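Asks: Sequence and predicted model, in that order:
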Amino acid sequence: MSAVRLTILGAGTLLPDRVRHSAAHHVAAGKVSLLLDCGAGTLHALDGTFGPRLDSLTHVAITHFHTDHWGDLESLFFAWRHSPGGGRSAPLTLLGPEGLRERLEALAAAHGDFVLDPGFPLDVVELAHGARWAEGSLTLSAHRTEHTPESLAFRVEVDGVSVGYTGDTGPCEGLGAFFARVEALVSECAVPDPPPVDNHLSPAGVAALAGEARPRVLVTTHAFPALPADEVPALVREAGYTGDVLAGVDGLALELEPGAWRPAPVD
Ligand SMILES: [Zn+2]
Ligand SMILES: [Zn+2]
């Protein structure tokens, strides 16, 4: 069985940044091509430069309804609908918090019917806090986060490998256990210590979360300018975390096997 590949497509925030676009991450395993969030920049990050391509996606999962996490969704649908040569025909599953379908109807009213009637079979799945959804080799579990009423964290399990993704969250009861022993944990680390807000994580908060979850590798993302993104791993270590930790940047790709990770070879 070939390795599961995790690619960071958008390691940034809601602010413009040339090397860290808004939130987007990709998990590839066999026929599964799963996009986690699709903030600004995602459409263009799916041109194949970093591996994943727009026409390869089989699943899109959205953590919450902040624009930096799903603002490119209608652009993906527009491109699927109007690609030269006839557009997409393969089915797609779109997963997200409760209220997703209602939001899609509003997007269709603003942008056009192609959002809900894209010309290919579209399965819309709403996930409650604590939901567990499975299809074939892929399982997606959802845990509430301390961010917005609907916000979710995801645990993806495929081909014997687990990937955790916090979406956006502050310190959250139960989240460390939810991510227990994942091969890779993609965690937001948005603000410096001491944290000025309680709905985002600081390096100390990430160290506590990862210390409980004990991933094989931790990837930090979503740092606002007061917290230089490349310095986050050192700060997480200073806060007491001793495991492998990398600063997320667009294009960072890892190969994951049960119990192990390595940098993905450059294609
Ligand atoms: Zn948010
Ligand atoms: Zn965000």
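Replies: Cool, the structure landed. Numbers count the residues shown, from 1 in each chain. Ligands and ions are numbered 1, 2, ... in the order given.
Asks: contacting residues for residue 250?
Replies: 8-12, 19-21, 41, 45, 50 (Cβ atoms under 8 Å, 6 or more residues apart in numbering). Where C-beta positions appear, they are placed from N, C-alpha and C, glycine not excepted.
Asks: where does the chain come near ligand 2, residue by residue?
Replies: 68, 168 (Cβ under 5 Å from the ion).
Asks: re the thing from before, and of the contacts of residue 250, the nearest to residue 128?
Replies: The closest of the contacts of residue 250 to residue 128 turns out to be residue 10 (Cβ to Cβ; 25.8 Å).
Asks: Would you mind confirming that the closest one is in contact with residue 36?
Replies: No: at 9.8 Å, residue 10 does not count as touching residue 36 under the criterion of Cβ atoms under 8 Å.
Asks: between the two, what contacts are shared?
Replies: 24-25.
Asks: Would you tell me which residues of the stretch 151-267 of the chain are close to ligand 1?
Replies: Residues of the stretch 151-267 of the chain lying near ligand 1 (Cβ under 5 Å from the ion): residue 168.
Asks: Do a quick rundown of the helices in the stretch 151-267 of the chain.
Replies: With DSSP state H, counting those that start in this stretch, the ranges of helices along the stretch 151-267 of the chain come out as 175-178, 203-213, 232-238.
Asks: now these in CSV, with mean pLDDT and distance to residue 105?
Replies: Converted to CSV, the helices of the stretch 151-267 of the chain look like this (pLDDT from 0 to 100; distance: least, Cβ to Cβ, whole Å):
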stretch, mean pLDDT, distance to residue 105
helix 175-178, 98, 31
helix 203-213, 98, 35
helix 232-238, 98, 38
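Asks: Packed most tightly, which of the ones you listed would that be?
Replies: Among the helices of the stretch 151-267 of the chain, ranked by average contacts under mean count of other Cβ atoms under 10 Å, first place goes to helix 203-213 (a mean of 22).
Asks: Give me the contact list for it.
Replies: The set of residues external to helix 203-213 that reach it, using Cβ under 8 Å, 6+ apart, is 164, 166, 170-171, 175-182, 185, 187-189, 192-195, 201, 218, 220, 227, 232, 235-241, 243, 245.
Asks: residue of the stretch 101-250 of the chain with the smallest distance to ligand 2?
Replies: residue 168 (4.4 Å; Cβ to the ion).
Asks: Compute the number of surrounding residues for residue 141.
Replies: 19 (other Cβ atoms under 10 Å).
Asks: That one should be in a helix, yeah?
Replies: No: looking at residue 141 with DSSP: H, G, I helix; E, B strand; the rest coil, it is strand, so not inside a helix.
Asks: Was I right to think it contacts residue 177?
Replies: No: with contact defined as Cβ under 8 Å, residue 141 does not count as touching residue 177 (11.8 Å).
Asks: Please give me every residue in contact with the residue nearest to residue 123 when sequence neighbours are not counted.
Replies: Excluding its sequence neighbours, the residue lying closest to residue 123 (Cβ to Cβ, 6 or more residues apart in numbering) is residue 93, at 4.5 Å. For residue 93, the contacting residues are 58-60, 123, 125, 135, by Cβ under 8 Å, 6+ apart.
Asks: ok, the residues you listed vs ligand 1, which is closest?
Replies: Of the contacts of residue 93, the one sitting nearest to ligand 1 (Cβ to the ion) turns out to be residue 60, at 17.1 Å.
Asks: these two touch, right, the closest one and residue 94?
Replies: Yes: the criterion here is Cβ under 8 Å, and residue 60 meets it with residue 94 at 5.1 Å.
Asks: surely residue 66 meets residue 152?
Replies: No: between residue 66 and residue 152 there is no contact under Cβ under 8 Å: 12.0 Å.
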